[in-house]
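Peer 1: Quick one, structure for this:
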Amino acid sequence: MDIRKLQKIIVSALEDIKGKDIEVINTSKLTSMFDRIVIATGDSNRQVKSLAQNVVEKVKEAGGEIVSTEGEDGGEWVLVDLGDVVVHVMQANVRAYYNLEELWSATPAQRRKAVEQARPE
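Peer 2: I've put the predicted structure just below:
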């Protein structure tokens, strides 16, 4: 599946369930393991799990492949591995602690642009 189409499906799935602070980071020049990281915040364990599950369902409906998911039991941080894209859905305190945005060192302008491009029309 085209990476841009996949991004749009992911962002739309997260927005459907009121995911907050959705960020898309282009990692294609930083690692060969995946091309994008999508990070979103959920308010509770239940919402984090629901956000991740909605991503899985929407990607499958579009014919995409789910490589794996991790963290569904706890619900503080759920990772959805889609191969070219890795989705991290976290509670706010976990997201602030691990600060993946800084770790992957995309500038705020790059992150905003990526999210805007990923939004469905």
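Peer 1: so residue 49 makes contact with residue 77?
Peer 2: No: in this structure, residue 49 is not within contact of residue 77 by CB atoms under 8 Å, at 10.7 Å. Glycine gets a C-beta too; all of them are placed from N, C-alpha and C.
Peer 1: tell me the pLDDT at the residue lying closest to residue 56 once chain neighbours are set aside?
Peer 2: Nearest residue to residue 56, sequence neighbours excluded (CB to CB, 6 or more residues apart in numbering): residue 66, at 5.5 Å. Per-residue confidence (pLDDT) for residue 66: 97.
Peer 1: Quick check: the gap between residue 66 and residue 79.
Peer 2: As judged by CB to CB, to the nearest Å, residue 66 and residue 79 stand 11 Å apart.
Peer 1: again with residue 33
Peer 2: According to CB to CB, residue 33 stands 13 Å off from residue 79.
Peer 1: okay, the two: which has more neighbours?
Peer 2: Shown here are residue 33 and residue 79; by other CB atoms under 10 Å, residue 79 has more neighbours (15 against 9).
Peer 1: if I pick that one, what's in contact with it?
Peer 2: 69, 70, 71, 86, 87, 88, 89 (CB atoms under 8 Å, 6 or more residues apart in numbering).
Peer 1: Okay, and the beta partners of it?
Peer 2: Judged by DSSP bridges, the bridge partners of residue 79 are residue 70, residue 88.
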